[in-house]
Every structure is written in structure tokens, then in C-alpha cells.
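Novice: Build me a structure from this.
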Amino acid sequence: MARILAAAGDPGGAAALLPVMRALVDAGHELTSVAGQPAARMFADAGFACVRSTGSWADHTAMADATIASNKPDLALVATGMLAGVDAALVRTGKRAGIPTVCVLDAWVNYRERFMGPNDTMMLPSAIPDLITVMDDFTVREMVDLGFPPAILRVVGQPAFDAWVERSSSPAWARMRDDARRELSVSDDERLVVFFSQPLDNDYGSPGSPRYRGYDQRTAFAALQHAIANLDPRPRLVIKPHPREPVGAYEQVEAGAIDAYRVVPSQGQTIGTDSLTAGADLLVSMTSVTLVQAMLAGTPIISLQPDLGVEDTNVLGRMGIRPPVTDVSALPQAIMNALGAGAQDVQSLLPETWTDGKSTARTVAAIEHLVKG
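Specialist: I've put the predicted structure just below:
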């Protein structure tokens, strides 16, 4: 059996990596891990001890070097993230050491940036893994257009989706919905809108920045608040900040105010993403992968991107499955339409690799093939 060193930093990457890590251990492989925050917390919660990597890019690189030197793995298995962390550093160290490197891609955005260090101006061969597992053929086409070698791209699906598909079709989903709504004090005759935030101001900059998208999480949330405040009956509104957003980014206003909402913190003993999705009558975000997860579960969604001035980074829009709402004047009607739609069967609209529940097994098979080769 192989000695595998796993690494992640961002929550999305960690979520995709964890089912693969469990399956590799179940198959008898020896696994160790190194992680930045918030992935380290997620690894620990899942029962995986890991060495934590904090600090600058130089610190992550030093940690990757030291971990490979001490563990002497047969393969490096990494996730990706918006910010270069120990997972990106581990690819470079692994390639220098002659160790096969596998990356599990989890999202349809910023493909090149995920493999670039903070000082890179282009993708470097030393930063590209030997194998990148991707979600679907659409991803392959987009990545090849950006210069990724087709030979290193393997379509497997998204491992984190396997549990979503299984869970959302089980009796436990209805119980999760009831429990979440009870915890949030939402009655049966009320409609619940859940907003999943993202740190877009940090990732893309403010107005005037060359990467500014025409909006950020604050302007999107303000548009959502305004639209909901004018609906009758008015839905309940809950916000889930992203783990990379600072604590207190959204302050709960006084109960009963016209724009009142509840904040579910991203850390601590709180209602999780799956429970919020089960409890929601409508899930709203900008480009978050939670939109895809909610759609897999049949929960109505809106990709809210006010005044979008660049290419849509939400794959559901690019694939023509669910275009974003970019005109805020159309938002109230979009909300009413979504709330009136109820639970939806959308499996036929989505790629089979998202919905068949076999993404983890295909990823493990690709990893084991590379190790044996």
C-alpha cells in the first residue's frame, strides 16, 4: 500500500479531499496530512490528525519541504484554493522530489490562479500537478482553452457531491430540514431564504480594481435585503458567512427591524451547510459551489451578481443551466418565482458525473493507477 501525503487550505478544497482521504484509508493506504486554516479544522473534525501550516508563502513552502523530507510519501494529494497555501507549495516540492502529485479540483473558477504562487505572473510547469481530477467534460474544455495539457486532466466528478446526492435523497434530509427550521425558529408557514456569503472583496478587490466584478458580497446582500423587505409576505432571511470572512462581517440587526436577519457563524457549534440547505426554501449566493450543492438537493437557487461586469464565474450560468440575476430590479420577481417553485427534480439537467455518487471511487482509482504506474 502507498504512503500518501494530503494537503488543503480552503474549505471547498478540504471538503472535496476528505471523502477521498477516507476512502484511501479504508483501502489500506497510509495517509498523513498537512493543512492551513480552515482546512486544518475540517481535517481535525473528520478525525484526521494533521500538521498545521500558517504564515506566509515562504512558511508554506518550508512546511511542504520539511513534511516531504520527514514522511517520504509515495504520492502527494492536494486540493486547491483562491490563495496559494501549503497545498500549492506541496505540488512544487513533490515535483522537485520526483513524487507523483495529484490535485483534486473542486470548483469551476480561477483555474490558472489555483496553481500560481503570490509572485507568479503565469503558470509555471513546476507548479502543475502530474494529474488533475476534474468535475466534468465542460471543465476539461475550459482548462484546455487556458493552456492546461489535456493528458493530465481526468474527469471523475466532485467527491464532495457524493454525500450530497445520497443524503438529499434519504429520509434523513426531511429530518434535517425540520431540525434546521426549528433551530432557526422558522414556522411551517414561513419561507426561509439563506444567503451564503463569499469574501469577494478580498478575492477580487474593490471598485477600480482590475479584477472587480461589478459587485461584492456586501452589495449583493444589500440588494437581497432590499428585495426581501418589499415582499409580502416577507420571507425570513439567514446569512452564512464564509470561513475566510472576518468574525462580525455581518452584524445582526435588532430583531423586528425592517431589514432584520440572523447570522449563523462559520465557526463553532452552529447549523452546518447541509442543514441550512435542507431547511431553506431558497438558497442565494454569488458564485459559491453551494449553489451547485443546493441544486443537487433540489433546493431552489439564485445566483445573485448585481451589475456583473465580467465573465460569470458560476458554472451553472456558463453552462446555461441557471443564469445569474444581474439586474436588481428583477430580483423580487425572481425570488417569488423561486419560492413558488418548491423542491425540484433537476438531475436530468446536470452532468452524470455530478449526480451518480461515484466521484470518490473514480478519484481513488485514478490515484491508485498513478501510484502503481
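
Novice: okay, stretch 187-200 in CSV with CA atoms only?
Specialist: Provided in CSV are the C-alpha atoms of stretch 187-200 (Å, rounded to 0.1, in the frame of the first residue of the first chain):
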residue,chain,number,x,y,z
SER,A,187,-42.5,28.1,11.3
ASP,A,188,-44.1,25.8,8.7
ASP,A,189,-46.0,28.6,7.0
GLU,A,190,-42.9,30.9,6.7
ARG,A,191,-40.5,30.9,3.8
LEU,A,192,-36.7,30.8,4.5
VAL,A,193,-34.1,32.4,2.3
VAL,A,194,-30.5,31.5,3.1
PHE,A,195,-27.6,33.7,1.8
PHE,A,196,-24.2,32.0,1.6
SER,A,197,-21.6,34.8,1.6
GLN,A,198,-18.2,34.8,-0.1
PRO,A,199,-15.1,37.1,0.6
LEU,A,200,-15.3,38.6,-2.9
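
Novice: care to break this structure down by domain?
Specialist: If you go by automatic domain parsing, the domain ranges for the chain are 3-157+354-372, 171-350.

Novice: so which of those is the most packed in?
Specialist: Compared across the domains of the chain, domain 3-157+354-372 shows the largest average neighbour count, a mean of 20 (mean count of other CB atoms under 10 Å). Glycine gets a C-beta too; all of them are placed from N, C-alpha and C.

Novice: now it: mean pLDDT?
Specialist: For domain 3-157+354-372, mean pLDDT rounds to 95.

Novice: where exactly do the strands run in this structure?
Specialist: Applying DSSP state E to the chain gives strands spanning 3-8, 30-35, 51-52, 75-78, 101-104, 131-134, 153-155, 192-196, 236-240, 262-263, 282-285, 301-303.

Novice: Please name the residues that touch the closest residue to residue 13 other than its chain neighbours.
Specialist: Excluding its sequence neighbours, the residue lying closest to residue 13 (CB to CB, 6 or more residues apart in numbering) is residue 79, at 2.7 Å. With contact set as CB atoms under 8 Å, 6 or more residues apart in numbering, residue 79 has these partners: 7-10, 12-14, 16-17, 39, 87, 103-104, 106.

Novice: Swap in 7 Å and give it another go.
Specialist: Contacts for residue 79 (CB atoms under 7 Å, 6 or more residues apart in numbering) come out as 8, 10, 13, 14, 16, 17, 87, 104, 106.

Novice: In contact with residue 345, which residues?
Specialist: Contacts of residue 345 (CB under 7 Å, 6+ apart): residue 298.

Novice: Can you check the pLDDT for it?
Specialist: 72.

Novice: Kindly report the same for the one 4 residues further on.
Specialist: At residue 349 the predicted local confidence, pLDDT, stands at 88.

Novice: Need phi/psi at the closest residue to it other than its chain neighbours.
Specialist: Closest residue to residue 349 apart from its sequence neighbours, by CB to CB, 6+ apart: residue 321 at 5.5 Å. The phi/psi pair for residue 321 (degrees, to the nearest 10) reads phi -80, psi -50.
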